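In: what follows is a predicted protein model with its sequence.
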Amino acid sequence: MPGKKVIITGAAGFIGANLVRRLLERGDEPHILLPPAYPDWRIRNLKSQVSIHPVDLLDREGLEKTVQAVAPELIFHLAVYGAYSFQEDIDRILQTNIIGTANLVQACLKTDFSALVNTGSSSEYGFKDHPPLEDEYIEPNSYYSVSKAAATHFCRFTAHKTGRKIPTLRLYNIYGPYEEPARLIPALLVKGFDKKLPPLVNPAISRDLVYIDDVTDAYLLAAESQLNDTGAIYNISTGIQSTLKDIVAQVRKIIAIPEEPQWGSMKDRRWDTEIWIGDSSKIRSELGWQPKISLEEGLKKTIEWLEGDDEMLEYYKKSVG
């Protein structure tokens, strides 16, 4: 039985690259929409297995032609700008995350797709002192989170207006293979292989860490399940809050790192908070999703992946420094 034609934006990114691999494993036909210039290290060995379409989400005419030519059954929208601290261009944040999303949705509405899954962010909620629910008042506290909230509203409104299936997944802290090297987990592991630790912020800073395989499960469930609400929003989280102290302790135990952490050797970032935990009860009850990989298991899987690919490990070591 032939696989599904699938469009993926942001496939050169961390989550997108993992999702493409998952689709290939299922026998689907991935069509990747990427701007002419993109970092290809995550998907370099996949190019012969996918169709790459060089098109910018801000090129509405080119985007429409590409989408119509592919005629996808499923669309996964993961293209984003502003998620990393070094991505500070406000115009690009707004254009990519709002206008780019609107252009993609409108282009897809001219085809007979069955589902378009939008990628939201837990940052849309802003700082909360509890695990927020999807219908709770949001208080985005950065240009990035404002842009993601706007995109979520656009997708939800369009789904309700047209009756097309356009759910949004609000992701919490995702980790695993192909994560950006400078992020916490990769930096801990790469330094840990040399029995060292990277600079660290306040040990009370917290995360709700979700392993990447559980996240790709959520994307597929959202795309292929029957939804009572065509514009449903789902939190993708474990509901378990891990402090930086907890995470470092786990890594030190698994890799046997003798070095003691130097807390405060790195300044807290503006988004750091001591309370960051999600409530995923909605997607658990409506779609049957639940995270299967514990933090310890996820760390071991990531370590196994890094140690099993000499070229990738060398790239991470050079990136982390």
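Out: Cool, got the structure. Not measured: the values here are computed from a predicted model. Numbering: from 1, shown residues only.
In: domains in this protein, as residue ranges please.
Out: According to automatic domain parsing, the chain comprises the domains 5-173+212-236, 177-209+239-277+293-320.
In: which stretch in those domains has the least confidence?
Out: Least confidently modelled of these is domain 177-209+239-277+293-320, at a mean of 93 by mean pLDDT.
In: burial count for Cys303?
Out: Actually, residue 303 is Ile rather than Cys. Residues near Ile303, counting by other CB atoms under 10 Å, number 16. Glycine gets a C-beta too; all of them are placed from N, C-alpha and C.
In: what do you get for Arg92?
Out: Arg92 - counted by other CB under 10 Å - has 15 other residues nearby.
In: mind listing what it touches?
Out: Residues near Arg92 by CB atoms under 8 Å, 6 or more residues apart in numbering: 81-82.
In: phi first, then psi, for it.
Out: Per-residue torsions, Arg92: phi -70, psi -40 (degrees, to the nearest 10).
In: wait, is Ala102 part of a helix?
Out: Yes. Counting by DSSP: H, G, I helix; E, B strand; the rest coil, Ala102 is part of a helix.
In: verify the contact between it and Phe154 for me.
Out: Yes. With contacts counted by CB atoms under 8 Å, Ala102 reaches Phe154, the gap being 5.7 Å.
In: that older thread, distance to Leu287 added to the domains of the chain, as CSV?
Out: What follows is these, written out as CSV (distance: least, CB to CB, whole Å):
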stretch, distance to Leu287
domain 5-173+212-236, 5
domain 177-209+239-277+293-320, 16
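In: circling back: so which of Ala102 and Phe154 has more stuff around it?
Out: Phe154 (20 against 17).
In: pull the contacting residues for the residue of the chain most remote from its centre.
Out: Going by CA atoms, centre = their mean, the residue of the chain most distant from its centre is Pro258, 32.2 Å out. Neighbour list for Pro258: Lys195 [criterion: CB under 8 Å, 6+ apart].
In: what about the strands in the stretch 201-321 of the chain?
Out: Taking DSSP state E, counting those that start in this stretch, the strands of the stretch 201-321 of the chain run over residues 206-207, 209-211, 233-236, 242-243.
In: point out the other helices and strands that the second one packs with.
Out: With contacts taken as 3 or more CB pairs under 8 Å, 6 or more residues apart in numbering; DSSP states H and E, strand 209-211 sits against strand 173-175, helix 295-307.
In: and of the ones you listed, who's closest to Ile212?
Out: strand 173-175 (5.9 Å; CB to CB).
In: if you count contacts, what does the closest one end up packed against?
Out: By 3+ CB pairs under 8 Å, 6+ apart, strand 173-175 packs against strand 209-211, helix 212-224.
In: deepest of those, which one?
Out: For the helices and strands packed on strand 173-175, ranked by mean neighbour count under the definition mean count of other CB atoms under 10 Å, the leader is strand 209-211 at a mean of 25.
In: direction included, what does that strand pair against?
Out: strand 173-175 (parallel) (DSSP bridges).
In: now the partner strand, how far from the centre of its chain.
Out: 7 Å (CA atoms, centre = their mean, to the nearest Å).
In: quick one, helices of the stretch 51-200 of the chain?
Out: Counting by DSSP state H, counting those that start in this stretch, the stretch 51-200 of the chain has helices at residues 60-70, 90-94, 100-108, 143-162, 184-193.
In: got JSON lines for those helices, with distance to Asn228 too?
Out: Shown next, in JSON lines, are the helices of the stretch 51-200 of the chain (distance: least, CB to CB, whole Å):
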{"stretch": "helix 60-70", "distance to Asn228": "27"}
{"stretch": "helix 90-94", "distance to Asn228": "32"}
{"stretch": "helix 100-108", "distance to Asn228": "21"}
{"stretch": "helix 143-162", "distance to Asn228": "12"}
{"stretch": "helix 184-193", "distance to Asn228": "35"}
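In: can you give me the neighbour number for Arg164?
Out: Neighbour tally, Arg164, other CB under 10 Å: 19.
In: so it sits against Phe157, correct?
Out: No. Proximity of Arg164 to Phe157 does not meet the contact threshold set by CB under 8 Å, at 11.6 Å.
In: minimum distance to Trp41: which of the helices and strands packed on strand 173-175 has it?
Out: Nearest to Trp41, of those and by CB to CB, is helix 212-224 at 16.3 Å.
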